[in-house]
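Undergrad: When you get a sec, could you give me coordinates for this:
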Amino acid sequence: MIVDAAARALSRHTRYLDDEFHTLGGLVRRGDVCLDAGAAAGLYSQALSRLVGPDGVVHAVEPLTFSHPFWSRVLGARRRGNVHHHAVALGAEPGRAAMRVPHGPKGPATSRSFLDWKSHGVGSNAGYARHEEVLVDVATVDGLVTAAGLTRLDFVKIDVEGGELHVLHGAAATVDRFRPSMFIEIEARHTERYDYAPADVVAWLTARGYRMYAWHRGWKQTDRVCAHANNYLFRAAP
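TA: Numbering: from 1, shown residues only. Below is the predicted model of the structure:
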């Protein structure tokens, strides 16, 4: 509970966490099945685990198992019984590919890593001194859902440093079948390395009957990515 309270306070009153983090309680219910794509240290996985309770499940997907070792221990998401971990990257098609991990003065900046599949250069990571390539397994959301035998999926969070549209392409059957609510980071500075624009992510989802919301003292419906927000909520229209 101390970790939960600290995370919510940091979200509300500092720049260290997403402004929208504290709204998860209104988006996820007990018993829900969730997918955390780009789980990193497990901040969202930990919060989702608490919200869905013992009857719910969180599938945490993070290809870099060495990501954020200190915060991974503090948050403890990997020790929670209702969190299932998948050490793969998510993309448009299964296989093997390199994660490009930037290195700065303090070592690897794993939170800025991206999947080097149909990408061109390092884009928003140009300020880092060097990048290390880490070969990882790649799965699709559709493949993961089938392998896990899921019969429902209620909430999906995607934060993969620009590869969000590729993850959605690999989730088409799942999205059409389960219509989950989705919380997605969309930033032009990251998507440009993949030669698509934030509007392409929005178009893919709105074509499937989703409505888009941005947080500004509440979730407000919008039709475009705007300057004041990095994260967007998508909900299937009734």
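Undergrad: C-alpha from now on. contacts and neighbour counts both.
TA: OK.
Undergrad: what bridges to the residue nearest in space to the middle of the chain?
TA: For the chain, the residue nearest the mean C-alpha position is residue 158 (2.3 Å; C-alpha atoms, centre = their mean). Residue 158 forms beta bridges with residue 37, residue 184, as assigned by DSSP bridges.
Undergrad: Who are the contact partners of it?
TA: 36, 37, 38, 164, 182, 183, 184, 185 (C-alpha atoms under 8 Å, 6 or more residues apart in numbering).
Undergrad: Farthest-apart pair in those, please.
TA: 38 and 182 (13.4 Å; C-alpha to C-alpha).
Undergrad: show me what contacts residue 30?
TA: 51, 52, 53, 55, 56.
Undergrad: For the closest residue to it other than its chain neighbours, give me its contacts.
TA: Leaving aside its sequence neighbours, residue 30 sits nearest to residue 52 (C-alpha to C-alpha, 6 or more residues apart in numbering; 3.9 Å). Residues near residue 52 by C-alpha under 8 Å, 6+ apart: 28, 29, 30, 31, 32, 33.
Undergrad: Same question for residue 142.
TA: 170, 171, 172, 173, 174.
Undergrad: and the fourth one, what element?
TA: Assigned by DSSP states H and E, residue 173 falls within helix 172-178.
Undergrad: and that helix, average pLDDT?
TA: The average pLDDT within helix 172-178 is 98.
Undergrad: outside of it, which residues touch it?
TA: By C-alpha under 8 Å, 6+ apart, helix 172-178 touches 141, 142, 145, 152, 153, 154, 208.
Undergrad: how does it look with 6 Å?
TA: Helix 172-178 has contacts (C-alpha atoms under 6 Å, 6 or more residues apart in numbering) with 142, 153.
Undergrad: same check, this time on stretch 100-109
TA: 110, 113, 114, 128, 130, 131, 132, 133.
Undergrad: Need the per-residue pLDDT for residue 104.
TA: 89.
Undergrad: where along the protein do the helices fall?
TA: Assigned by DSSP state H, the chain shows helices spanning 2-13, 43-52, 69-75, 141-148, 164-169, 172-178, 188-191, 198-206.
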